[in-house]
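*Asks:* Test case, fold it:
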Amino acid sequence: MSNKFFNQALADFTMDFASGDAIRSLADKGYSVEEIYKRLDFPTPKEKIRDMVWKHYIECGVINLEDPGNSSSNKRVTYEKVQDNIGRTSFKQVVIEEDESKEYVAIDFGKRLYKDKEAFLKELDILNPGDRQYILDLPWPISTVWHEKNERIERILSQIGE
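*Replies:* Below is the predicted model:
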């Protein structure tokens, strides 16, 4: 059992080392998972890209799993990899002060997708292909999440009538 865990951890580390920074950078530039997949030189499964993008969006505050308006704290804890002078890698805890000026909108794409997939997909047909792909590429949970209010999400919500 521990051998399986070790192999999975090693595979994840290798994948992150080979293409993690590129994936996060492309996600920050607004590329969808599908677009990132097409741009990478290192063979990376779409599922891994999707998971890395989702995790990155949560870590950098593009997506919040809890209502940021009800948050009692404006601090977020994350960990970053650091190397010492002889190349050993370790993790350092970093406390990030949340930007209180960020605005968020409540999103329930996961609920709607799993409640009636056909109706939701039909509703998304009005969107341009990039925005549609953005929604379909991410693993939205079956609960409300909060998305940073940016140009893309405002455009999507206005087009689908929310």
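*Asks:* and Ser90, which of the three is it?
*Replies:* When classified by DSSP: H, G, I helix; E, B strand; the rest coil, Ser90 comes out as strand.
*Asks:* Would you confirm that it contacts Tyr79?
*Replies:* No. With contact defined as C-beta atoms under 8 Å, Ser90 and Tyr79 do not form a contacting pair (9.7 Å). In short, each C-beta sits where N, CA and C put it, glycine included.
*Asks:* buried ones in stretch 101-110?
*Replies:* Using 16 or more other C-beta atoms under 10 Å as the test for burial, stretch 101-110 gives 104, 107, 109-110.
*Asks:* so where's the protein shaky on pLDDT?
*Replies:* 1-2, 70-77, 96-100, 162 (pLDDT under 70).
*Asks:* Tell me how it divides into domains.
*Replies:* As assigned by automatic domain parsing, the chain contains the domains 2-60, 104-159.
*Asks:* who's sitting farthest from the centroid in this structure?
*Replies:* Ile86 (32.6 Å; C-alpha atoms, centre = their mean).
*Asks:* From Pro141, how far off is that one?
*Replies:* Per C-beta to C-beta, to the nearest Å, Ile86 is found 41 Å from Pro141.
*Asks:* Would you format the domains of the chain as a markdown table with distance to Asp67 included?
*Replies:* Output for these, formatted as a markdown table (distance: least, C-beta to C-beta, whole Å):
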| stretch | distance to Asp67 |
| --- | --- |
| domain 2-60 | 14 |
| domain 104-159 | 6 |
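*Asks:* Tell me which of these sits nearest to Val95.
*Replies:* Closest of the domains of the chain to Val95 is domain 2-60, at 13.0 Å (criterion: C-beta to C-beta).
*Asks:* Angles on the backbone of the residue farthest from the centre of the chain, please.
*Replies:* phi -110, psi 10 (degrees, to the nearest 10).
*Asks:* dump the residue contacts of Met52.
*Replies:* 15-16, 20, 23-24, 27 (C-beta atoms under 8 Å, 6 or more residues apart in numbering).
*Asks:* Secondary structure added to the residues you listed, as JSON lines?
*Replies:* Compiled in JSON lines, those are given as follows (three-state DSSP):
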{"residue": "Met15", "secondary structure": "helix"}
{"residue": "Asp16", "secondary structure": "helix"}
{"residue": "Gly20", "secondary structure": "helix"}
{"residue": "Ile23", "secondary structure": "helix"}
{"residue": "Arg24", "secondary structure": "helix"}
{"residue": "Ala27", "secondary structure": "helix"}
